[in-house]
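A.B. asks: Predicted model follows, preceded by the sequence.
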Amino acid sequence: MIRPIIEFCASNMHHGTQELFDKLDANPEYDVIEYGCLGNCGQCDFGPYAMVNSDIVEADTPEALEKAIDVKMNEEDPWASLDLD
């Protein structure tokens with residue numbers, strides 16, 4: 001199974017996402033990456049957000065973002081039905 005990739009923008013940390021980043025980064029089941037800029041300035045300026053497997057996930061609070069990230073990671077994998085072996 002491929003680990004989810006969760007990307008955070010360093011410029012978004014002023015919305016309180018640093019604690020969430022640290023929490024997720026401590027989980028060995030995730031690949032958590034912080035970039036100086038993810039190029040999504042609209043989302044970054046507006047509120048907490050992250051990217052999960054290249055999809056933008058946003059919320060009003062860091063707590064809501066954590067829940068939204070969890071929901072996104074638990075969506076059914078569209079590739080799961082393909083036999084890639």
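C.D. replies: Sure thing, it's come through. Numbers count the residues shown, from 1 in each chain.

A.B. asks: List the buried residues in the longest helix belonging to the chain.
C.D. replies: As assigned by DSSP state H, the longest helix anywhere in the chain is helix 62-73. Of the residues in helix 62-73, those with enough neighbours to count as buried (16 or more other C-beta atoms under 10 Å) are 62, 65, 66, 68, 69, 72, 73. Any C-beta I mention is one placed from the backbone N, CA and C, and that applies to glycine too.

A.B. asks: you'd agree the first one is up against residue 19?
C.D. replies: Yes - checked against C-beta atoms under 8 Å, the pair residue 62 and residue 19 is within contact range at 6.6 Å.

A.B. asks: Which positions within the helix or strand of the chain with the lowest mean pLDDT qualify as buried?
C.D. replies: Of the helices and strands making up the chain, the lowest-confidence element is helix 41-46, at a mean of 82, by mean pLDDT, DSSP states H and E. Of the residues in helix 41-46, those buried under the neighbour-count criterion (16+ other C-beta under 10 Å) are 43, 44.

A.B. asks: helices or strands up against that helix?
C.D. replies: In this structure, helix 41-46 packs against strand 55-58, with contacts taken as 3 or more C-beta pairs under 8 Å, 6 or more residues apart in numbering; DSSP states H and E.
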